[in-house]
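1. Give me a model of this one.
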Amino acid sequence: MTRSRLSAVLEALLVTFLWSSSYVLVKIGLQEIRPLTLVAYRYAVASLLLLIIALSRGQIYILRNREIWLVSFCGLCCAWVEFALIGHLVLYLTEWLLVPVVMAGGMLALAEIAGALARPGSGLLSDRVFGGNRKSVLIIMAAIASAMCFVVGFFGSYLSWAIYPVLFLLGVGGIGFGGMWLTMVGEFGGRRGAGTSVGLATVFSMFGSTVGPIAFGYIVDISGSYKLSWLSLTFIAALCALLFLFVREEKRKI
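-> Below you'll find the predicted structure:
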């Protein structure tokens, strides 16, 4: 095994260990620290470490890259929608549509399966149909997510059996974005800066995945209805599609 290959394997193992142990550390931290305070500490430390790594490796140019910042904000919006959907869909189905809890769990599973299928499917579509164009596929997925959030929020009670294809499409657009989005981030970072650029983008997506479910639930609590919460996801997904329009894909380094 060459030195570079060994280094890559060790780095992958380290990331796996840190990721898996983070759940234990979060559980311990929540015993003494308020959730939002802990989140603020976590992302502040992650951002500081990322800045130090970028400076030490001469990759400060990544922090000046307009496209990486723009795609990172898009990832924040996508993760906002994805985790709000995962966190609240079963509650919405059981409390608002009066679906039995087991059936509601199966409907969430349907959306998750759709998202899992969309990840390789979106890559295949990008490579074979759009000639390697990532932006167009991501815009389509964000637009689908926005439209389906609107349909679920305002017409959910009238959908009957049609709720199943709607949730499938919502899973495709709202959950299946991750693979294509990370690919685009890495391509903007180039061979030397792919890891740093993905790290930066992940800070944004993790922030979205934390705030999205909280915001969705808060809107439900203060309004007494799910409609405004689903409307907020409609807006966030539409904003994501709009931001992708301004990404200059020709600036990719790979």
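
2. could you point out the longest helix in the chain?
-> helix 178-223 (DSSP state H).

3. which helices and strands does the helix or strand containing residue 117 pack with?
-> Element membership for residue 117 (DSSP states H and E) is helix 101-128. Under the contact definition 3 or more CB pairs under 8 Å, 6 or more residues apart in numbering; DSSP states H and E, helix 101-128 sits against helix 66-95, helix 135-155, helix 163-174, helix 178-223. Using the backbone N, CA and C atoms, a C-beta is placed for each residue, glycine as well.

4. can you give me the angle that helix makes with helix 163-174?
-> 50 degrees (axes from the mean of the first three to the mean of the last three CA atoms, to 10 degrees).

5. circling back: just send the helices and strands packed on helix 101-128 back as a markdown table, with distance to residue 104 too.
-> As requested, these are exported to a markdown table (distance: least, CB to CB, whole Å):
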| stretch | distance to residue 104 |
| --- | --- |
| helix 66-95 | 4 |
| helix 135-155 | 13 |
| helix 163-174 | 10 |
| helix 178-223 | 16 |
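
6. Nearest to residue 45 among these would be which one?
-> helix 178-223 (10.3 Å; CB to CB).

7. tell me the angle that closest one makes with helix 66-95.
-> Using the same axes, to 10 degrees: helix 178-223 against helix 66-95 is 50 degrees.

8. mind checking pLDDT for the residue nearest the centre of the chain?
-> Using CA atoms, centre = their mean, the residue of the chain that lies closest to the mean C-alpha position is residue 79, 2.6 Å off. The model reports residue 79 with a pLDDT of 95.

9. Return the residues in contact with it.
-> 204, 205, 206, 207, 208, 209, 212 (CB atoms under 8 Å, 6 or more residues apart in numbering).

10. which one of those residues is nearest residue 154?
-> So of the contacts of residue 79, ranked by how close each gets to residue 154 (CB to CB), first place is residue 212, at 19.5 Å.

11. ok, now which ones touch the closest residue to the closest one other than its chain neighbours?
-> Leaving aside its chain neighbours, residue 212 sits nearest to residue 80 (3.5 Å; criterion: CB to CB, 6 or more residues apart in numbering). Contact partners of residue 80, counting by CB under 8 Å, 6+ apart, are 208, 209, 211, 212, 215, 233, 236.

12. Distance-wise, check residue 80 relative to residue 127.
-> Distance, residue 80 to residue 127, by CB to CB, to the nearest Å: 27 Å.

13. Residue 39 now?
-> Applying CB to CB to residue 39 and residue 127 gives a distance of 36 Å.

14. buried stuff in stretch 122-138?
-> Neighbour-count burial for stretch 122-138, counted by 16 or more other CB atoms under 10 Å, picks out 122, 125, 126, 134, 135, 137, 138.

15. Pull the residues that contact that stretch.
-> 74, 141, 176-177, 179-181, 183-184, 187, 244-245, 247, 249.

16. Kindly recompute the last result at 10 Å.
-> 71, 74-75, 78, 118, 121, 139-141, 172-173, 176-181, 183-185, 187-188, 240-241, 243-249, 252 (CB atoms under 10 Å, 6 or more residues apart in numbering).

17. Between the two ends of it, how far is it?
-> 8 Å (CA to CA, to the nearest Å).

18. Model confidence score at residue 58, please.
-> For residue 58, pLDDT reads 67.

19. right, I mislabeled it, should have said residue 254
-> Residue-level pLDDT assigned to residue 254 equals 67.

20. go on, residue 13?
-> So residue 13 comes in at 86 (pLDDT).

21. Around it, how many other residues sit close by?
-> As a burial measure, residue 13 scores 10 neighbours (other CB atoms under 10 Å).
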